[in-house]
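here is my input, please return the structure:
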Amino acid sequence: MMTPKLRTRLRLFCASLMMSGTAFAWTAPVQAEELTVYGAMAKDHFAELIAVFQAKEPDLKINQLLDSNGPIIARLLAEEANPRADIILGAAVPGLVMLEERGMLEPYAPEGLDQIKDRFRDRRSDPPNWVGTDAWASAVCFNTAEGERLGVAAPQSWQDLTKPEYKGMITMPNPNSSATGLLAIVGWAEIFGEEGAWEYMDALHENVSQYVHSGSKPCRMAAAGEAVIGISYPAPGVKAINDGVPLSVIIPEEGVGSEVEGVAIVKGARNPDAARRLADFAASQEGHEIHNKYYALVGRKGVSNPVPNYPEGEEAALVDVDFYWVAENRDRILAEWQERYGRKDEPK
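The predicted structure follows:
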């Protein structure tokens, strides 16, 4: 208990502080602004884009989660009631459409939207629910050294891949794990019709050694000599060629399915301002110059630097893809695919 004498001394001390103008102010520590990014881009592409953005935002704490498209979309759906991501970077558009139709995206028009090509943005909403950054098409990676050793020629068409001479030589992404696998199937459905696509995949399955869980891995396996042929997309194969690997990247003559990678803000994002700034950067000229290092087809008008050793004729070979049809039929297609072919899956 405080004595009267001590109480008097305390009053005098406080009075002297007030007279001298001295005061104490207690303030809570300032928390750094954060941004949580879920990414489904290729690793190098994602890393460079985030690094350049981080240099512009040195005080922003960026939390990153990078995975293949399938797991990223599945995680977002699982977190629907309590979103943890602020922004999705590089997810395939059919997955974004699925989220859009569940009301999980926040429409936003990034700066410079008028410079984005029509096929690279959501045209059903203004402002758009998603904006594309880049596009890629299906392609075949062929290890020329292994082909010569085994006495097989490079395939020129999808139908070539069903020839008995390629038995056990082909790898492909599982479409349940990778958007690259799904876009190949969608392309075959456009080329052969849906029933014809299943017949084609039945024949192709006889020559497939393994279905892997990454879109780029079949090309990387072909580059490493772990497979002769990888059904993938051009970028990882082109990188391998530029690194001196004996590989060729082939655009099959029947045409190819294509996919657009998009950026979208999550509805209910905890850090919407930072998410909008990253969306602006991804849509910017500088952002697209980064995208163009990894993909020949990018969303912004006027950005089209040639990529060394990139296969010619990709854009002309693109078949029309209805992303909304893909989103509507995705679960049905994936379930049937897994039932038919899943026994050759790579272990997770």
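
can I get stretch 297-306 as PDB, trimmed to CA atoms?
Extracted C-alpha coordinates of stretch 297-306, given in PDB (Å, rounded to 0.1, in the frame of the first residue of the first chain):
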ATOM      1  CA  LEU A 297       2.700 -15.100 -76.900                       C
ATOM      2  CA  VAL A 298       1.900 -12.300 -74.400                       C
ATOM      3  CA  GLY A 299      -1.100 -10.300 -73.600                       C
ATOM      4  CA  ARG A 300       0.100  -6.700 -74.100                       C
ATOM      5  CA  LYS A 301       0.000  -5.100 -77.600                       C
ATOM      6  CA  GLY A 302       3.300  -4.300 -79.000                       C
ATOM      7  CA  VAL A 303       5.400  -6.700 -76.900                       C
ATOM      8  CA  SER A 304       6.700  -9.300 -79.200                       C
ATOM      9  CA  ASN A 305      10.400  -9.900 -78.900                       C
ATOM     10  CA  PRO A 306      11.500 -13.100 -80.800                       C
END
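
quick one: average confidence on that stretch?
Across stretch 297-306, pLDDT averages out at 90.

how far does it sit from its chain's centre?
Relative to the chain's own centre, stretch 297-306 is displaced by 18 Å; criterion: C-alpha atoms, centre = their mean, to the nearest Å.

what do you get for stretch 338-348?
22 Å.

buried ones in it?
Tyr341 (16 or more other C-beta atoms under 10 Å). Quick note: C-beta positions are derived from backbone N, CA and C, even for glycine.

same question for stretch 273-292.
Under the neighbour-count criterion of 16+ other C-beta under 10 Å, stretch 273-292 has 274-284, 287-288, 290-292 buried.

which residues are contacting that stretch?
With C-beta atoms under 8 Å, 6 or more residues apart in numbering as the test, stretch 273-292 has contacts from 33-35, 37, 45, 48-49, 52-53, 56-57, 60, 86-87, 89, 108, 110-113, 115-116, 131, 133-134, 263, 265-266, 269, 298-300, 303-305, 307.

repeat that with 7 Å
With contacts defined as C-beta atoms under 7 Å, 6 or more residues apart in numbering, stretch 273-292 is touched by 33, 35, 37, 48-49, 52-53, 57, 60, 86-87, 89, 108, 110-113, 116, 131, 133-134, 263, 265, 269, 298-300, 303, 305.

just the ones of these in strands?
35, 37, 87, 89, 131, 133-134, 263, 265, 298 (DSSP state E).

can you lay out those residues as CSV showing neighbour count and distance to Trp198?
Listed next are these as CSV, based on neighbours: other C-beta atoms under 10 Å; distance: C-beta to C-beta, whole Å:
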residue, neighbour count, distance to Trp198
Leu35, 25, 43
Val37, 23, 37
Ile87, 25, 37
Leu89, 27, 33
Val131, 25, 34
Thr133, 27, 32
Asp134, 27, 30
Val263, 27, 33
Ile265, 24, 37
Val298, 26, 33
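
what is the nearest of those to Val256?
Among these, Asp134 lies closest to Val256 (C-beta to C-beta), at 15.4 Å.

and Ala222, what helix or strand is that in?
helix 217-224 (DSSP states H and E).

buried stuff in that helix?
Buried residues in helix 217-224, defined by neighbour count with 16+ other C-beta under 10 Å: 217-223.

quick one, helices of the stretch 151-300 of the chain?
Ranges of helices within the stretch 151-300 of the chain are 179-192, 194-205, 217-224, 234-242, 272-283, 285-294, based on DSSP state H, counting those that start in this stretch.

tabulate these (JSON lines), appending distance to Ala317 and mean pLDDT.
Below are the helices of the stretch 151-300 of the chain laid out as JSON lines (distance: least, C-beta to C-beta, whole Å; pLDDT from 0 to 100):
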{"stretch": "helix 179-192", "distance to Ala317": "10", "mean pLDDT": "93"}
{"stretch": "helix 194-205", "distance to Ala317": "17", "mean pLDDT": "98"}
{"stretch": "helix 217-224", "distance to Ala317": "17", "mean pLDDT": "98"}
{"stretch": "helix 234-242", "distance to Ala317": "11", "mean pLDDT": "93"}
{"stretch": "helix 272-283", "distance to Ala317": "26", "mean pLDDT": "98"}
{"stretch": "helix 285-294", "distance to Ala317": "19", "mean pLDDT": "94"}
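
turn these into CSV, including distance to Asp126.
Formatted as CSV, the helices of the stretch 151-300 of the chain follow (distance: least, C-beta to C-beta, whole Å):
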stretch, distance to Asp126
helix 179-192, 26
helix 194-205, 32
helix 217-224, 38
helix 234-242, 31
helix 272-283, 15
helix 285-294, 22
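
nearest to Pro94, out of those?
Nearest of the helices of the stretch 151-300 of the chain (C-beta to C-beta): helix 179-192, 7.0 Å.

so which elements touch the closest one?
strand 170-173, helix 194-205, strand 258-266, helix 323-341 (3 or more C-beta pairs under 7 Å, 6 or more residues apart in numbering; DSSP states H and E).

CA atoms only for it, dumped as PDB, please.
Extracted in PDB, the C-alpha atoms of helix 179-192 (Å, rounded to 0.1, in the frame of the first residue of the first chain):
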ATOM      1  CA  ALA A 179      -3.200 -27.200 -66.900                       C
ATOM      2  CA  THR A 180      -0.800 -28.200 -69.600                       C
ATOM      3  CA  GLY A 181      -2.200 -31.700 -69.600                       C
ATOM      4  CA  LEU A 182      -5.800 -30.400 -69.700                       C
ATOM      5  CA  LEU A 183      -5.000 -28.000 -72.600                       C
ATOM      6  CA  ALA A 184      -3.700 -30.900 -74.700                       C
ATOM      7  CA  ILE A 185      -6.900 -32.800 -74.200                       C
ATOM      8  CA  VAL A 186      -9.000 -29.700 -75.000                       C
ATOM      9  CA  GLY A 187      -7.000 -29.300 -78.200                       C
ATOM     10  CA  TRP A 188      -7.600 -32.900 -79.200                       C
ATOM     11  CA  ALA A 189     -11.300 -32.500 -78.500                       C
ATOM     12  CA  GLU A 190     -11.400 -29.500 -80.900                       C
ATOM     13  CA  ILE A 191      -9.400 -31.300 -83.500                       C
ATOM     14  CA  PHE A 192     -10.900 -34.800 -83.400                       C
END
